[in-house]
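[1] sequence first, then the predicted structure:
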Amino acid sequence: MHHLLPVLVAVPLLGATVLVACGQRLPRVVAETLGCAFAAGTAGLAIVLLLNASPPLTEWVGGWTPVGGESVGIVLVGVGPGLGMAAVASLLTVAALAYSWHYFDDAPRRHAGSFPALMLLFQGGMCGFAIAGDLFDAFVFFELMSVVAYALTGHRVEEAKAVQGALSFGVLNSLGAYAVLMGIGLLYARTGELTLVKIGQGLDRHGGPDALTLTAFALVLTGLLVKAAAVPFHFWLPDAHAVAPTPVCMLLSGVMVELGAYGVWRIYRTVFSGLAVIPASDLERALVVLSVLTAVVGAVMCWYQRHVKRLLAYSTVAHMGLFLIGIGSLSPEADDGVALYILGHAGVKTALFACTGVLLDRYGSVDEHALHGRARRLRGVAVLYVVSTLSLAGLPPFGIGLGKAVLEESVGGPLTVLFVAVSAVTAGAVLRVATRVFFGLGTQPGDGSSYETTGIREEPETRHRLSRVPDTMTAVPAVLLVASLAVGAVPGFAAAVGHAMSGGAAPSLHWTRGRLLLGLTSTLLALGLATLAVTRSKPLGEPSWMAPLRRLQSGHIGDYVAWMLVGTTLLAARALPGILNG
C-alpha cells in the first residue's frame, strides 16, 4: 500500500493539469464533473490508505532510499493523523465542488476549468502537507496550498475588496512562510537533515538546546501559527472570509487553518519533543497562554459582528484557540479530543458557510441587520442553520460535543470553564443570527456604524440572485451535518479515531454522564445568550472597551505585520527564554 502514497498527491495535480490544458474546449458541466471525479477519487484513496495505515506506511519517492543512514530523497509517511487530515481535506473539497456546481456562471466559457483546477491544486497541497515526511517538502506543499488559496480568495478579481483581502492574506502568510523557511535553514545547519525523524534524532544527539535550535523552533512555530490564525497572527482570516467565494470559505475554515494546528502538533511531537531540546513545560505554558488569548478574542469579536461571514470567521478563531489548548496540554487524551473536535468542527463550520452562501446568493447581503426576517421562506436552510449552530455549541451526540467534552475533562480546572464559555458565546452569536434572519425575532436592529464592512449590498456569487435554492446547496450541508453527527453518535467511531491517533486502544472516547452534562450546559448557555440578544426591547449595544479591539482589524497590511512581529517576540520571550540568554 505504501506505493500509493505519491498517488494521493498526484491524482489532484493531474486533474488540475487536465482541466487547465483542456478547459478552453470543455463545456462547463464536463469540467465540473471531471473536477468532482478527481477530488472524489483522491478522497477514496485517502480513506483506503487510512484503513491500512497500521503499521505506518513509508515511501521514498523515485526510489531514493537512504544509503548508510543518509538521505537526499523525498519521503512520504502514512500514519493515522496525517492520512486522517488528508481524508478530511479531500472530502471537504468534494463537498465544496458539489456545492459550487454551476456556481460561477458569469465566468467566460474559455475558463470553465479554472475554478475546479484551483480547487484540485488546493486539495493536492493539503494532502501533500499531511503526509510529507521531511520538513522542507512539508513547507513546499503548505505553500502550494497557500498560493492557491490566495488566488481563490481573490477569484472575483474585478472587485477591489477581493483583491485587497487576497493581498492581506498573501502578505501575512508569505511572511509566515519566510519564518518557517529560515527555521528550516537553521535546523539543517545544525543537523544536516531535513527528514522530520532524522532532525529530531540529530537534535537529541546534539545534547541540549542552544540559541540556534530555539530560534529555529520559534520561527517554525510562528509560521504555523500564522496559518492556524492564532491571535495575534489571525487578522488575515476575517478579511479573507469577507471577500472569498463561499466554497473557498468552506475550505479555509473547515480544514486549512486546522492543518496549521496539525503542523504545530506534528512537528513538535516528531522533532522537538525531546526534553533536552524544548522543555515540555515551556511549550505548554506558551501555547496555553496564546490559546486562551485566541479563544477569548475570537469569541468576543464573534459576538459583536453583524457581517455573517466575518462572524463565522471569528468563531473559527475562537475554536482554534480551544484546539491549541488541547495540543498545548501535551497529553494523549487531549490529542484524541482534539482529533474528534476537528472532525466535528469541519463538518459543522463548512455547513454554516454553505448556508450563509445561500443567503448571499438569494438576497445579495450577509448583513445580520439587513436580513432581519427576510429568509422566513427558507425553512430547510433555517433547520440546517439552527442544527449546525446547536452542534457548534456542543450539543450531544454531535462530534464537536464529544471531542470538546473529552478535551474539557483532559485540561480540567478553569480551562473547562473557558471551553464552555467560548462555545456558548460563539454558538449564541450564530444562533442570534439564525433567529433574526430566518424567524424575524426581536426588534429590527439599527444601522449603527462599524469599523468592519457590514455585508450590505454584496454581489451574489451567481449570475443573478437565486429565485430558487439549488438542491446541491442544501444537500451538501445536510450531508456534512450527518457526518458530524456520526463522529459522535456511531458506536466505535470515536475509538477508531483514538486508535488512529495513538496506535492503541482508546476505551474512554465515548459519551459519559459528565460529558453529556458539559455539552448540554454549553448548549443551554448559547440558547440563553441568543434569547437575551433578541428579546431585549433595546438591542444590546457595543461596550466602549470594544472600540480599541475592533480598531485592531484595521485592514492595513502594515498594522497586521507589526502585530505579527509583536506576537513572534512575545512567543519567543514567553516560551523560549534560552534565546534571550543564548
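    It's in.
[2] would you verify that Val20 is located in a helix?
    Yes - looking at Val20 with DSSP: H, G, I helix; E, B strand; the rest coil, it is inside a helix.
[3] list the contacts of it.
    Val20 makes contact with 113-114, 117 under the criterion C-beta atoms under 8 Å, 6 or more residues apart in numbering. C-betas here are computed from N, CA, C, even on glycine.
[4] how about CSV for these, with secondary structure added?
    Shown next, in CSV, are the contacts of Val20 (three-state DSSP):
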residue, secondary structure
Gly113, coil
Ser114, helix
Ala117, helix
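[5] can you flag the buried ones in those residues?
    Among the contacts of Val20, those classed as buried by 16 or more other C-beta atoms under 10 Å are 113-114, 117.
[6] run through this structure and note the low-pLDDT ranges.
    The model of the chain has pLDDT under 70 over residues 69, 103-112, 206-209, 274-282, 445-455, 457, 503-507, 537-541, 574-582.
[7] tell me the domain ranges of it?
    According to automatic domain parsing, the chain is divided into the following domains: 1-133, 136-278+547-582, 298-541.
[8] let me see the ranges of the strands in this structure.
    Ranges of strands in the chain, per DSSP state E, are 57-60, 75-78.
[9] just give the nearest non-adjacent residue to Ile47, would you?
    Excluding its sequence neighbours, the residue lying closest to Ile47 (C-beta to C-beta, 6 or more residues apart in numbering) is Ala87, at 5.3 Å.
[10] wait, isn't that neighbour in contact with Leu45?
    No - applying C-beta atoms under 8 Å, one finds Ala87 not in contact with Leu45, separated by 9.2 Å.
[11] shared neighbours of those two, anything?
    Common neighbours of Ala87 and Leu45 are not found (criterion: C-beta under 8 Å, 6+ apart).
[12] who has more neighbours, the two?
    Ala87 (24 against 20; other C-beta atoms under 10 Å).
[13] what residues are up against the more buried one?
    For Ala87, the contact set (C-beta under 8 Å, 6+ apart) comprises 43, 46-47, 50.
[14] what does Gly176 give?
    222-227, 233, 564.
[15] for it, give its distance to Leu480.
    According to C-beta to C-beta, to the nearest Å, Gly176 and Leu480 sit 29 Å apart.
[16] sorry, back to before: in JSON lines: the contacts of Ala87, plus neighbour count.
    Shown next, in JSON lines, are these (neighbours: other C-beta atoms under 10 Å):
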{"residue": "Ala43", "neighbour count": "25"}
{"residue": "Ala46", "neighbour count": "28"}
{"residue": "Ile47", "neighbour count": "16"}
{"residue": "Leu50", "neighbour count": "22"}
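[17] re earlier: how about the domains of the chain, which one is nearest Glu284?
    Glu284 lies closest, by C-beta to C-beta, to one member of these: domain 298-541, at 5.2 Å.
[18] wait, Asn173 sits on Val226?
    Yes - the pair Asn173 / Val226 is scored as a contact, 5.9 Å apart, by C-beta under 8 Å.
[19] the domains of the chain: which one's closest to Ala286?
    domain 136-278+547-582 (3.0 Å).
[20] and that closest one, how far from the chain's centre?
    From the chain centre to the centre of domain 136-278+547-582 is a distance of 13 Å (C-alpha atoms, centre = their mean, to the nearest Å).
[21] also stretch 321-340?
    15 Å.
[22] which parts of it are buried?
    So for stretch 321-340, counting by 16+ other C-beta under 10 Å, buried means 321-330, 333-340.
[23] intersection of neighbour lists for Asn173 and Val226?
    In contact with both Asn173 and Val226: Trp236, using C-beta under 8 Å, 6+ apart.
[24] quick one: which two of the contacts of Gly176 are the most distant?
    Largest pairwise distance in those, by C-beta to C-beta, is 12.9 Å, between Leu224 and Met564.
[25] make TSV from the contacts of Gly176 and add distance to Leu520 and neighbour count to it.
    Shown next, in TSV, are the contacts of Gly176 (distance: C-beta to C-beta, whole Å; neighbours: other C-beta atoms under 10 Å):
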residue	distance to Leu520	neighbour count
Thr222	38	25
Gly223	39	28
Leu224	34	27
Leu225	33	29
Val226	36	26
Lys227	34	28
Phe233	34	29
Met564	39	23
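[26] which one of those is nearest to Pro397?
    Ranked by distance to Pro397 (C-beta to C-beta), the contacts of Gly176 are led by Lys227 at 31.2 Å.
[27] run a quick neighbour tally on the closest residue in space to Gly373 that isn't next to it in sequence.
    Sequence neighbours aside, Gly440 is the residue nearest to Gly373 in space, at 2.9 Å (criterion: C-beta to C-beta, 6+ apart). Neighbour count of Gly440, defined by other C-beta under 10 Å: 15.
[28] distance of Gly440 from Gly185?
    Distance, Gly440 to Gly185, using C-beta to C-beta: 58 Å.
[29] ok, Glu409 next?
    41 Å.
[30] surely Trp303 touches Val422?
    No - using C-beta under 8 Å, Trp303 makes no contact with Val422, being 10.6 Å away.
[31] which of these two has more neighbours?
    The neighbour comparison of Trp303 against Val422 (other C-beta under 10 Å) goes to Val422, with 26 against 22.
[32] quick one: contacts for that one?
    Contacts of Val422 by C-beta under 8 Å, 6+ apart are 295-296, 298-299, 318-319, 321-322.
[33] can you pick out the most distant pair from the residues you listed?
    Val296 and His319 (12.3 Å).
[34] what's the local residue count around the residue nearest to Leu152 when sequence neighbours are not counted?
    The shortest distance from Leu152 to any non-neighbouring residue, by C-beta to C-beta, 6+ apart, is to Val248 (4.4 Å). If you count neighbours by other C-beta under 10 Å, Val248 ends up with 27.
[35] over to Met1?
    12.
[36] related to what we said a few turns ago, would you reformat the buried ones among the contacts of Val20 as JSON lines and include distance to Val469?
    As requested, those are exported to JSON lines (distance: C-beta to C-beta, whole Å):
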{"residue": "Gly113", "distance to Val469": "26"}
{"residue": "Ser114", "distance to Val469": "25"}
{"residue": "Ala117", "distance to Val469": "27"}
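[37] ok, those residues vs Phe169, which is closest?
    For these, the nearest to Phe169 is Ser114 (18.9 Å; C-beta to C-beta).
[38] could you find the closest non-adjacent residue to that closest one?
    Gly23 (6.3 Å).
[39] number of nearby residues for that neighbour?
    Counted with other C-beta under 10 Å, Gly23 comes out at 21.
[40] thinking it is in contact with Ala31, fair?
    Yes - the pair formed by Gly23 and Ala31 meets the contact definition of C-beta under 8 Å, at 6.0 Å.
[41] and for the residue lying closest to Gly192 once chain neighbours are set aside, the neighbour number?
    Excluding the flanking residues, the one nearest Gly192 by C-beta to C-beta, 6+ apart is Gly202, at 7.0 Å. By other C-beta under 10 Å, the residues close to Gly202 number 17.
[42] what residues are up against Gly202?
    190-193.
[43] and these as a markdown table, adding distance to Glu158?
    What follows is these, written out as a markdown table (distance: C-beta to C-beta, whole Å):
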| residue | distance to Glu158 |
| --- | --- |
| Arg190 | 48 |
| Thr191 | 48 |
| Gly192 | 49 |
| Glu193 | 47 |
